[in-house]
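# Any chance you can model this:
(3 chains)
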Amino acid sequence: MNTHNPLWRFAGMRPAAWFFFIFLYLPIVVLVVLSFNGGQSATLWGGFSLKWYSVVANDAEVVRAAKNSLIVATLATLISTSLATLAALGMRGRAFRGQTLMSGVLGLPLLVPEIVTAVSTLMFFSFINLKLSLFTILIAHVVFCIPFAYLPIRARLEGMNPYLLEAAADLYASPWKAFWKVTFPLLSPGIISGAMLAFIISMDDFVITYFVAGAGATTLPVYIFSSIRMGISPKINAISSIILVISIAFVALSYYVGQRKR
Amino acid sequence: MTTPRLIAERRQLGRRLLLSAPAMLTLLVFMLLPLGIMFVVSILQSGDYGGVKWGEYSFEAYRNFFYERDLDDTLVFNTDYLEIFQRSFWLSILTTAGCLLIGFPTALYLALQTERKRNLLLFLVTVPFWTNLLVRAYAWMLLLRNGGLVDEGLQGLGITDTGLGLLYTNNAVIIGLLYTYLPFMVLPIYTSLEKMDWRLVEAAFDLGANRFHALKRIIVPLAMPGIVAGSILVFIPSLGNYIIPELLGGGKTLMIGNLIQLQFGSSHNWPLGAALSFALLSFVLLAMLVYSVRFKPGNAGGHP
Amino acid sequence: MHVRTTSLALSLLCALGVATSAQAAGTLHFANWSDYYPPELLKKFEADTGIKATLDAYDSNETLLAKLKAGGGAYDVVVPSDSFIEIMVKEDLLQKFDKSKLTNLAHLKDTFKTLSYDPGHDYSVPYLWGTTGFSYDSAQVPGGKLEESWKPFFEPAPELKGKVVALNSIEELFVPAAYYLGVDECTEDPKQAQKIQDLLLKQKPSLAMYNSDGTIERMAAGEVAMHEQWNGAFHRAHAQRASLTYVYPKEGIRVFIDNFVIPKDATNVAEAHAFINWMMQPENIAAASNFAKYNNAIEGSDKFMDKELFEDPAINTPADKLSLLKPFQLCSPKALALRAKVWTKLKK
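Purely as a prediction, here's the structure:
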């Protein structure tokens, strides 16, 4: 591959990527450094200290909020990405009547402002007498994650050789097997991208989550937004850093395991 | 006439509809039905302190979008909301263009790495976003404020010698929005570029094509589905973003998202909030219709 | 591989089930602003009463009201501010107290015994209260001292251009502007509203921003010279920067009182009463004051309060300033619509 790699021909690309990653991680470095702040505030440096990590360890509410966030984001990502993958496969191919309308519906959660989705979903839930809980948050998250998972997968499918998938369908007896052996590997970059975007968007949602949250179902963004009155404390930086470290460790581990398998 | 071919086609269509069904049903029940309720809200009389008066229909909310009662109680044309819409659209366009400018080369760079490195880099692109928007925005406030780290760094490198005064300006808002939405551009473009056969590009170079031509004739057309998907994922959400303008821009001007939020909060005017969001919905749909007619002739279906 | 993901999903589903089914007897679902209630105090409550409590968060009175109106509840006790109590009572969103279970009501200070928004404490009991004034950095203002009036805030000296911050909410600006101009804060007269709008538009170029977050940090760092601020936030900023001063403007200063209420669809009503009654014990409410840095309404809590908090004139209003404190008024929908219009015009 490398001998054929035309990378060197596009001189501006490597600096652009470097710039991109520095831009991306600059605030993250600041955030992590401030989690070791000895002072009271999230923006003023008051010497090095680990005290906010012990505050987090003793604050059941913020830990529970982080846990709720991770549970919801993981499940919403799995479900919405599965739904989106199937839908993208269904929408591929020759246009049929009503297809434009259907893709419009798939993109709808993007188009409606958050607060409107929030209030109307809550009204709908109370209308059908669904008790608010972590489960109602999950439903709402699956809904707004769908377009974020769908669009990258759809982009991946577009322009892909249709005969590949049809040949696979002929080759394998069960469609299930054909999916796992051919379609999934072909689609996987799109599916991974879609899943990551869904995860990000779910982890960050405040407005919708707040409205459809039941008792005991506060998520991290709801917790963080609600601390506005008292000012954001460095414990938020501490818990964010913990989540970052866990996720990076997880990635590094899977990278390492993958390396060993080769 | 039911030829075998027709039957096969029909069966295939059935299968395709079946595949789309779970997502469609989810959206129909949990998105369209609630939106239907919201539409009813938009044509009801506003309650005294939020909510609506059920059964009292009124189109006042839609009329209020264009007209307002002046001090002497006459109806006059009101451009306030349109101005706010225009400003938000402009900011979103700038954000989308900026994301494309930084995101495209990055995606190309990612697509050219070895497979294992690619997945690792992909993760590195998203990891910063596992932290909350508010915390990231606070970090940017620290970086951008007068005498903040960006100022100090640039002065240390001898690039500037006075503070830039970036924070609480439109530039800060653009930086913040760019930051928020970059992965939504990079990932879809990467997704379409990843399947590229680089031998094509090599061949083009062998045939004497220069970089610009290779980019224009081969790479960009292949990346197009990703560019479109990315642009949608950046443009529309940034239209509704109000947290970044409030925090980094100093909150001196309203954005659409903010204006709508306000109607469900301290303005206690749910119907107007609902009407404003249906107006926004139709503006965006109109923009997309224009786009698809203008740039994608003959390509029915596809993206919303 | 697939087996592993499935089992992961299953265990997550179980976690989901556990998190949602905390419905056992003797529970209390309490919701409040984050970091506005000490976590240790909740543990003490659990130890004292055997009731298991969960604490949820909300970010503003407005979203709480919208949520309750849209049919969302599930909380047993929430803490809205004065202005919203009256609305919630009007809209039938609250439960009436069973006062036989609130024996500690007798501990309320005299000044809080009859409050305009809920005269008989049928629906609400004060939690903490504060004032919305403004503070300045005497090291940064010309002459080191400002007049005790809203004038320096609404019409700042030219030297302070770009060094003044206002809170980002219409109530917090409209009401003090009305005090300053001598206009009725609930005016329904567009001409009066126009006066306020003119004042705010004239002030806008002098402002660095409208922002209700991070007021403490901005003042503590000396980033700006003047800030419209809640007194509790001032107290925290003052602890980090001694040159800050809190102003009680002579035209009047808004008092806000946050109150415990029981929403209409609360399920654990007995526990809610037990909690509210428990919170009216002096040592408990004092612990909340010490944590959140705001004053409370309970007689005898003084001796449990931190000395520097109790002796801060910004927190414990001096007797000669008490007459300046102005309680909240609920304005008509028409007046509120005028306010909203001023806000849109100010920020369009």
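
# what about chain C, any weak spots by pLDDT?
C:1-25, C:73 (pLDDT under 70).

# Recalculate using a threshold of 50.
Low-confidence segments of chain C, defined by pLDDT under 50: C:1-6, C:8-10, C:12-24.

# which stretches of chain A form helices?
All helices of chain A, identified by DSSP state H, fall at A:13-34, A:51-58, A:60-91, A:99-111, A:114-127, A:134-157, A:162-171, A:175-178, A:184-204, A:207-212, A:220-225, A:234-261.

# for the first one, what is the average pLDDT?
Per-residue pLDDT over helix A:13-34 has a mean of 87.

# List the buried residues of it.
Burial within helix A:13-34, assessed by neighbour count using 16 or more other C-beta atoms under 10 Å in any protein chain shown, is assigned to A:13, A:16-17, A:20-21, A:23-24, A:26-28, A:30-32, A:34. The way it works is simple: take the backbone N, C-alpha and C, and place the C-beta from them, glycine included.

# Now do it: distance to the chain's middle.
Relative to its chain's centre, helix A:13-34 lies at 20 Å (C-alpha atoms, centre = their mean, to the nearest Å).

# Could you list the domains of chain C?
According to automatic domain parsing, chain C comprises the domains C:26-129+C:256-307, C:130-255+C:326-347.

# of all those domains, which lies closest to chain A?
domain C:26-129+C:256-307 (2.7 Å; C-beta to the nearest C-beta).

# one step back: can you narrow the buried residues of helix A:13-34 to ones near chain B?
Residues shared between the buried residues of helix A:13-34 and the neighbourhood of chain B are A:13, A:16-17, A:20-21, A:23-24, A:26-28, A:30-31, A:34 [C-beta under 8 Å from any C-beta of the partner chain].

# how deep is the nearest residue to B:Thr131 once chain neighbours are set aside tucked in, by neighbour count?
Spatial nearest neighbour of B:Thr131, excluding adjacent residues (C-beta to C-beta, 6 or more residues apart in numbering or on different chains): A:Ser240 at 4.2 Å. Close neighbours of A:Ser240, defined as other C-beta atoms under 10 Å in any protein chain shown, add up to 24.

# I'd like the distance between A:Ser240 and chain C.
Separation of A:Ser240 from chain C (C-beta to the nearest C-beta, to the nearest Å): 15 Å.

# State whether that residue and A:Ser35 are indeed in contact, as I suppose.
Yes. Using C-beta atoms under 8 Å, A:Ser240 is in contact with A:Ser35, at 7.2 Å.

# my guess is C:Leu108 meets C:Trp129, correct?
No. Using C-beta under 8 Å, C:Leu108 makes no contact with C:Trp129, being 11.7 Å away.

# Overlap of the contact sets of those two?
The overlap between the contact sets of C:Leu108 and C:Trp129 (C-beta atoms under 8 Å, 6 or more residues apart in numbering or on different chains) consists of C:Ala297.

# Find the residue ranges of chain A scoring beneath the pLDDT cut-off.
Scanning chain A for pLDDT under 50 picks out the ranges A:1-4.

# returning to what we had before: could you dump the domains of chain C to JSON lines with distance to chain B and mean neighbour count?
Below are these laid out as JSON lines (distance: least, C-beta to the nearest C-beta, whole Å; neighbours: other C-beta atoms under 10 Å in any protein chain shown):
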{"stretch": "domain C:26-129+C:256-307", "distance to chain B": "3", "mean neighbour count": "19"}
{"stretch": "domain C:130-255+C:326-347", "distance to chain B": "3", "mean neighbour count": "19"}
